[in-house]
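*Asks:* Provided below are the primary sequence and the corresponding predicted coordinates.
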Amino acid sequence: MPTETINRYAKQSGKTVKEVEEAWEQAKTEGLKYYKDGEKNPNYWGYVNMRTKQKIGLKDYKPKNK
C-alpha cells in the first residue's frame with residue numbers, strides 16, 4: 001500500500017501504521033480467494049482497499065453477490 005495512504009488510514013482510524021499494514025496484507029490474501037487472478041483483475045485492488053478499511057474500522061464493507 002502506498003505510504004501516504006497507510007499514514008492517512010492510520011490517522012483516520014487511530015490505529016498504528018503497523019496495524020494498517022497488517023490489515024492490508026490480510027486483505028490482499030483474502031482478495032485472492034475472490035479474485036484468483038489477483039492484481040490482473042480490475043476489482044482486486046478495490047476489494048483489498050475496502051477490506052482494509054473495514055478491518056481498521058473506517059468503513060463497512062458489503063461484498064457484491066457473485
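*Replies:* Yep, that arrived. Numbers count the residues shown, from 1 in each chain.

*Asks:* buried set for stretch 22-38?
*Replies:* Across stretch 22-38, burial judged by 16 or more other C-beta atoms under 10 Å covers 23-24, 27-28, 31, 34-35. Quick note: C-beta positions are derived from backbone N, CA and C, even for glycine.

*Asks:* could you list the low-pLDDT ranges of the protein?
*Replies:* Counting by pLDDT under 70, the low-confidence segments of the chain come to 1-2, 60-66.

*Asks:* now do 80
*Replies:* Within the chain, the stretches with pLDDT under 80 are 1-2, 59-66.

*Asks:* and the biggest helix by length in it, what does it pack onto?
*Replies:* Criterion DSSP state H: the longest helix present in the chain is helix 17-34. Counting contacts by 3 or more C-beta pairs under 8 Å, 6 or more residues apart in numbering; DSSP states H and E, helix 17-34 is packed against helix 3-13, helix 44-55.

*Asks:* tell me which of the ones you listed sits nearest to residue 19.
*Replies:* helix 3-13 (7.4 Å; C-beta to C-beta).

*Asks:* pretty sure residue 24 contacts residue 52?
*Replies:* Yes - with contact defined as C-beta atoms under 8 Å, residue 24 reaches residue 52; the gap is 4.9 Å.
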